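Asker: After the sequence you'll find the predicted model.
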Amino acid sequence: MEDLAAAALKAREHAYVPYSKFKVGAAVKGKSGKIYTGCNIENASYGLSNCAERTAIFKAVSEGEQELLAIAIVADTAGPVSPCGACRQVMAEFGINEISLLNMDGDLRTTTIDELLPFSFARGDFSEDGDKI
Ligand SMILES: O=c1ccn([C@H]2C[C@H](O)[C@@H](CO)O2)c(=O)[nH]1
Ligand SMILES: [Zn+2]
């Protein structure tokens, strides 16, 4: 876990946040043991901004890892940072279950995807034909 937190903290420094000025860093561990990092990347068209968590997850998937185990997320928040709904859904898609939320003071909260996103919509909920099964 500490390796993930350290990687997330380092990735946070690369955040591109001219609008919010709120830097977030994330690091994901794949089944292979490899670590993928991410930061938030904003845009003048605000809605196109990408969270640190999804940057890290999309890097992992684009390098061939689809089974992910753990994520650490860090930001300068009063308590441990809490991921947005979009990122929770993307974490669920790729099986991330061990979730470490941190802030810059080292406050840590460990949680699971079931706690963060109960009753979630998942791949197995629809058939390839599009009809309810
Ligand atoms: O868990 C979070 C919460 C927010 N953000 C980003 C989105 C935006 O760039 C900025 C402010 O919401 O922080 C993340 O990257 N991860
Ligand atoms: Zn998010």
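Answerer: Now that the structure is in, tell me what you want to look at. Numbers count the residues shown, from 1 in each chain. Ligands and ions are numbered 1, 2, ... in the order given.

Asker: who's in contact with the spatially most central residue of the chain?
Answerer: The residue lying closest to the centre of the chain (C-alpha atoms, centre = their mean) is residue 53, at 2.6 Å. Contacts for residue 53 (C-beta atoms under 8 Å, 6 or more residues apart in numbering) come out as 24, 26, 28, 38, 71, 73, 83, 87, 90-91. Placement of C-beta: from N, CA and C, glycine included.

Asker: possible to save those residues as CSV with secondary structure, distance to residue 57 and pLDDT?
Answerer: Output for these, formatted as CSV (DSSP: H, G, I helix; E, B strand; the rest coil; distance: C-beta to C-beta, whole Å; pLDDT from 0 to 100):
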residue, secondary structure, distance to residue 57, pLDDT
24, strand, 13, 99
26, strand, 8, 99
28, strand, 6, 98
38, strand, 7, 99
71, strand, 8, 98
73, strand, 11, 99
83, coil, 11, 98
87, helix, 8, 98
90, helix, 6, 98
91, helix, 7, 98
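
Asker: Among those residues, which one lies nearest to residue 44?
Answerer: Relative to residue 44, the closest of the contacts of residue 53 is residue 24; by C-beta to C-beta it sits at 18.7 Å.

Asker: Residues of the chain that sit close to ligand 1?
Answerer: 17, 20, 22, 24, 40, 42, 49, 51-53, 73, 81, 83-84 (C-beta under 6 Å from any ligand atom).

Asker: And the contacts of residue 53, which is closest to ligand 2?
Answerer: Nearest to ligand 2 among the contacts of residue 53, counting by C-beta to the ion, is residue 87 at 3.2 Å.

Asker: Which element, helix or strand, includes the closest residue to the closest one other than its chain neighbours?
Answerer: Distance criterion C-beta to C-beta, 6 or more residues apart in numbering; nearest residue to residue 87, sequence neighbours excluded, is residue 53 at 4.0 Å. Per DSSP states H and E: residue 53 is located in helix 52-62.

Asker: likewise residue 86?
Answerer: helix 85-93.
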